[in-house]
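**Student:** attaching a predicted model along with its sequence, questions to come.
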Amino acid sequence: MCITKDHNGHELIEEEDFNKGKVELKPKQKNVKIEIVKSYTTDLKHIHLIAVCSDGSMWIGDNERSTLQHVELKKNITEVITSLSTKIYGIATTHSNNILIKTKGETKLELMNAMTGKITDSIYDINPLKPTCIYVTSDHRVIIGAWSGGKAFPVSGRRVVVVMDQEGKHLQEYEHDKHYNKRIFTYPRCISVTSNGNIFVVDHLDTDHRGRVVVLSPEGDILLIYNGHPGVNTKKDPFRPVGILTTQSDTTVITDMENHSLRILSDQGQIITYFNLRDMGILGPYSLALSTSGTIYIGCVSADRSPDTKKAKLYELKYSGF
């Protein structure tokens, strides 16, 4: 395994020898495809976060404008039910149809009523660490990306993934590689989990969102590290993953914002294929969520830097073959 150091000299697990032979980009198959079912125009500039409710409505968040909206999808627009002036950094729907959210500086997650928007404290507290992202598994565990605060980059302090049960009890922490005792994560940005318990962590490496996907077994072994792929990502256009979800067929989908693409990984982390969304007219893909019917929602960020622009697009995609 190749090991490099971050800005503070901490050793960080890297990809090269560890992944040898595991990340070959397979040819696109004819039965692997996605298509746009519907598109919606929002009154947000960016859609950084999506959480889908059981009735098909959703909460979408724009952190640049500190706006969180509960919306219904109407024809080609999002109709706002409730709008809150708040900035959140993580969101996940619980099995009781409430929303777990992460706000700045707090060590405890907060719980938002999905219908009313009322926010209360939750039982999930990782003090002294601070959450960076949230995921709720099918068996009700809550998985939280965390750090010890300060400046995100260069790396200092702890960078951890914490697993908690439904009652808020700490079950497990992933922080160092079991064999080399080296730091696994730089900044856990978002998380998803497959049905076999493998944990996929989008790990950001710098302030430009350059990143990778670290795949862990339930026991904490590193199964694979995906850093993007030659021919798709270059020094000029590095892999910048920002959103992740696991489909009903147990593949993992990742948005690459700057390259306007989707990466499709197997439940072990191997690349299956990728889609150039620019060819479909989808630009700035960012957040991801599954609809109640199993289609994929992609929330985009606006490329227009004008502060007055409100043009963020939400797409619903049908997929097959993965």
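**Tutor:** Nice, I can see it.

**Student:** now do stretch 112-127: distance from first to last residue.
**Tutor:** Counting by Cα to Cα, to the nearest Å, you get 20 Å between the two ends of stretch 112-127.

**Student:** correction: stretch 59-79
**Tutor:** 11 Å.

**Student:** how about residues contacting it?
**Tutor:** Outside stretch 59-79, the residues within contact range by Cβ atoms under 8 Å, 6 or more residues apart in numbering are 38-51, 53, 56-58, 80-89, 91, 99, 112, 114-115, 117, 287, 299, 312, 314, 316. In short, each C-beta sits where N, CA and C put it, glycine included.

**Student:** for the nearest residue to Ser217 once chain neighbours are set aside, grab the count of nearby residues.
**Tutor:** Counting by Cβ to Cβ, 6 or more residues apart in numbering, Leu223 is the residue found nearest to Ser217 once chain neighbours are left out, at 5.6 Å. Other residues within reach of Leu223, judged by other Cβ atoms under 10 Å, total 18.

**Student:** who does the helix or strand hosting Leu223 touch, helix- and strand-wise?
**Tutor:** Leu223 belongs to strand 222-226 when assigned by DSSP states H and E. In this structure, strand 222-226 packs against strand 211-216, with contacts taken as 3 or more Cβ pairs under 8 Å, 6 or more residues apart in numbering; DSSP states H and E.

**Student:** using CSV, write out every CA atom in the strand it packs on.
**Tutor:** Extracted in CSV, the C-alpha atoms of strand 211-216 (Å, rounded to 0.1, in the frame of the first residue of the first chain):
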residue,chain,number,x,y,z
GLY,A,211,-11.7,13.8,-3.3
ARG,A,212,-12.0,10.1,-3.4
VAL,A,213,-14.3,7.3,-2.3
VAL,A,214,-13.1,5.0,0.5
VAL,A,215,-14.9,1.7,0.8
LEU,A,216,-14.8,-0.1,4.2
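
**Student:** average pLDDT for that strand?
**Tutor:** Mean per-residue pLDDT for strand 211-216: 97.

**Student:** what helices and strands are in contact with that strand?
**Tutor:** Judged by 3+ Cβ pairs under 8 Å, 6+ apart, strand 211-216 is in contact with strand 199-204, strand 222-226, strand 241-246, strand 261-265.
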